[in-house]
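Engineer: how does the following fold in three dimensions:
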Amino acid sequence: MDVQEKLTFDVLSLQPNLLMAALNAAANSILITDELTPGAPIIYCNRAFEALTGYTSADVMGRNCRFLQGKNTTQDARIIIQETIANGSDCLVELKNYRKDGSWFWNELYLSPIRNIHGIVTNYVGIQNDITARKQQVLTLKTQLDQSRKLQNLKDEFISVASHELKTPLTTLKASLQLLAKLKNDLASRMLPLLIDQSVKSMEKISVVVNDLLTFTRVNEGQLQLSKSLFKIADMVNSHCDYIADGGKYEVIIQDDTDLEIHADEGRLGQVIVNLVNNAMRYSPKSMVIRVLIERERGGAKVSVSDDGPGIAAERIPHLFERYYRASHAGTHHSGLGLGLYISSEIVKRHEGQIGVNTELGVGSTFWFTLPQDFAANSKLSQKLTVAG
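Structural biologist: Numbers count the residues shown, from 1 in each chain. Predicted coordinates for the structure are as follows:
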């Protein structure tokens, strides 16, 4: 025995109360086990252990430490502890432990062996720290980082899509204007009406993209303002269906309460109709008829846009109204910014309404929104509108 070991031995032999006082004063939870007795029972725990776990010294004496573990304690941590004890070494692990009341905490456990003068491990000291708050902070930061990376990826994709959506009609518009410039002195040319129509359609596409971008910015900045007036919902649908005309290919039928009036923002709700009808045309190209149903519901109005397209898969439905989300059907991606349904949802919410979808694969989809407002007129009529190019 060297001088240091002898000094330590003498101090502990002569003043055993000094050791107990020191261990009980420690802020860390401390356990000591007897490795020479089968089952390696606990022979000591300090007050910090009792405060951390809710178990008293009488509760734990003679028991193996494994009773602190539970079904959510990772197998990896258990294996490390077993190998450490088998090898007579030390280790630092993180594992879930359980208090007497059944609640759990993240335990940072440091195990260290105590050897006798012959080098035999007689005891293990376990020092425990409750790191639940730290683990939660790490988990929160990781989640925020993952969300930030996901959002950044979505933004990058969105910028790429927006650039493409603007570039295509701008290129067409530029070509049309260049040809018009060459034909400016030939007013009788048959190309003039075609070029003018093409220019108008290109400008309409650009306007839709720019309008969505501006609305999206206002929504994100909390600056989406409403300018309310009294108008007929059917008239609003008619005017905005003219705006999204698609060469007479689609027929939009307005049904039921065509005289129903509402006090709301006609322009903003027109954006909703444009998005829903445009969405129906984009994702159901074989459905030549799009139905717009206007109903009085619970003192308010319900507007539904239905198609006979392929429907939407169940796993996609929860994401339809998220920003940047662009759905696909049969593995085919469609044009668009992925903002239409998100913007529509925000506009409806600003009107204190609700928006949703009913869909069935192979049958079709119905997007609807409700508006909790009072009305000035009500009649049961039907009206057919053919969208002309």
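Engineer: chain center to the lengthiest helix in the chain: distance?
Structural biologist: The longest helix of the chain (DSSP state H) is helix 132-182. Taking the mean of its C-alpha atoms, helix 132-182 sits 17 Å from the chain's own mean (C-alpha atoms, centre = their mean, to the nearest Å).
Engineer: can you check stretch 302-311 too?
Structural biologist: The answer for stretch 302-311 is 26 Å, by C-alpha atoms, centre = their mean.
Engineer: rewinding a little: other SSEs contacting the longest helix of the chain?
Structural biologist: strand 104-115, helix 191-220 (3 or more C-beta pairs under 8 Å, 6 or more residues apart in numbering; DSSP states H and E). Where you see a C-beta, it was placed from the backbone N, CA and C, and this is true even at glycine.
Engineer: pick out the shakiest of the ones you listed, pLDDT-wise.
Structural biologist: Lowest mean pLDDT within the helices and strands packed on helix 132-182: helix 191-220, a mean of 73.
Engineer: and the residue lying closest to residue 218 once chain neighbours are set aside, how far from residue 148?
Structural biologist: Among residues not flanking residue 218 along the chain, residue 224 sits closest, at 4.6 Å (C-beta to C-beta, 6 or more residues apart in numbering). Distance of residue 224 to residue 148, computed by C-beta to C-beta, to the nearest Å: 24 Å.
Engineer: for residue 294, which residues are in contact?
Structural biologist: Residues in contact with residue 294 (C-beta atoms under 8 Å, 6 or more residues apart in numbering) are 233, 234, 237, 254, 255, 256, 257, 258, 260, 301, 302, 303.
Engineer: from these, pick the one nearest residue 27.
Structural biologist: residue 302 (62.7 Å; C-beta to C-beta).
Engineer: do I have it right that residue 24 meets residue 46?
Structural biologist: Yes. Between residue 24 and residue 46 there is a contact under C-beta atoms under 8 Å: 5.0 Å.
Engineer: which of those two has more neighbours?
Structural biologist: residue 46 (22 against 14; other C-beta atoms under 10 Å).
Engineer: picking that back up, any idea of the angle the longest helix of the chain forms with strand 104-115?
Structural biologist: 130 degrees (axes from the mean of the first three to the mean of the last three C-alpha atoms, to 10 degrees).
Engineer: give me the angle between helix 132-182 and helix 191-220.
Structural biologist: Using the same axes, to 10 degrees: helix 132-182 against helix 191-220 is 160 degrees.
Engineer: so for helix 132-182, mean pLDDT?
Structural biologist: 76.
Engineer: same check on stretch 40-52?
Structural biologist: 92.
Engineer: buried set for that stretch?
Structural biologist: 40, 42, 44, 45, 46, 48, 49, 50, 52 (16 or more other C-beta atoms under 10 Å).
Engineer: can you flag which of these belong to strands?
Structural biologist: Among those, the members found in strands (DSSP state E) are 42, 44, 45.
Engineer: now tabulate those residues in CSV and tack on distance to residue 131.
Structural biologist: Rendered in CSV, the data for these read as follows (distance: C-beta to C-beta, whole Å):
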residue, distance to residue 131
42, 22
44, 23
45, 19
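Engineer: so which of those residues comes closest to residue 75?
Structural biologist: For these, the nearest to residue 75 is residue 42 (22.7 Å; C-beta to C-beta).
Engineer: so for residue 78, which of the helices and strands packed on helix 132-182 sits nearest?
Structural biologist: strand 104-115 (11.2 Å).
Engineer: thinking again about what came up before, count the neighbours of the residue nearest to residue 218 for me.
Structural biologist: 18.
Engineer: look up how far residue 267 lies from it.
Structural biologist: For residue 224, the distance to residue 267 - C-beta to C-beta - is 12 Å.
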